[in-house]
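1. Quick check, what structure comes out for this input:
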Amino acid sequence: MRKISKDGLLLCKLQAETFENSIDKMDTSSEIFIRRFMKSEIAKRFDNESILESNIQANDILELINEEYGISNYGSVKYTRNEIYWIGYIYRYFAFTYEMSSAQVYKIVKPKELRGLFLPYHTMDPAQAIERILEAKEMIVDEETELKRQYEIFRRIRKEQ
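-> This is a model prediction of the structure:
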């Protein structure tokens, strides 16, 4: 796990603004937009941080998504601006700090689940919110905790023999 940097915060802000702009500019539901984005070529540019070398804006990213997947009006449920901004920010913060791809993060936590966590978690530090999400899913939070868990399993097995 790495600490968030100035570049990481720029990525989080750009992704969050892109998600927020999708409310007005995209005809699909918020969940469809998020799925498309998280599995898109532009998301890969966020993952490898090469997007910072360009002068691309949030609305340009939406156009790239439409070019990649085609224009669609599937679905009708739109999240609120605050919800979708936070979801975009959390997804990028998660991918950046845990050094995972957007697609990997999307597999771990879906937009509907994040939407349900918005009210209790949106005032928390993003790192804390992600840590709680991972704890609830009983996923590895850090290497030290995982090593202790594995050691305890090993000890129990040895004790039974």
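2. Low-confidence ranges, the chain, go.
-> Low-confidence segments of the chain, defined by pLDDT under 70: 140-143, 145-146.
3. Spell out the residue ranges of the helices in it.
-> 6-25, 30-38, 41-47, 58-69, 81-97, 102-108, 111-121, 126-136, 143-160 (DSSP state H).
4. Quick one: closest of the ones you listed to Gly75.
-> Closest of those to Gly75 is helix 30-38, at 4.7 Å (criterion: CB to CB). The C-beta positions use only the backbone N, C-alpha and C, and glycine is treated the same way.
5. And Ile42, how far from Gln15?
-> 10 Å (CB to CB, to the nearest Å).
6. wait, what's in contact with Glu68?
-> Neighbouring residues of Glu68 by CB atoms under 8 Å, 6 or more residues apart in numbering: 36, 40-42.
7. Which one (most neighbours) among those residues?
-> Ile42 (22 neighbours; other CB atoms under 10 Å).
8. Correct me if wrong: that residue contacts Leu64.
-> Yes: if you go by CB atoms under 8 Å, Ile42 and Leu64 touch, sitting 5.0 Å apart.
9. ok so, going back, closest to Ser102 out of the contacts of Glu68?
-> Ser40 (8.0 Å).
10. So that closest one is in contact with Glu63, correct?
-> No: using CB under 8 Å, Ser40 is not in contact with Glu63; the gap is 11.9 Å.
11. Alright, I will stop here.
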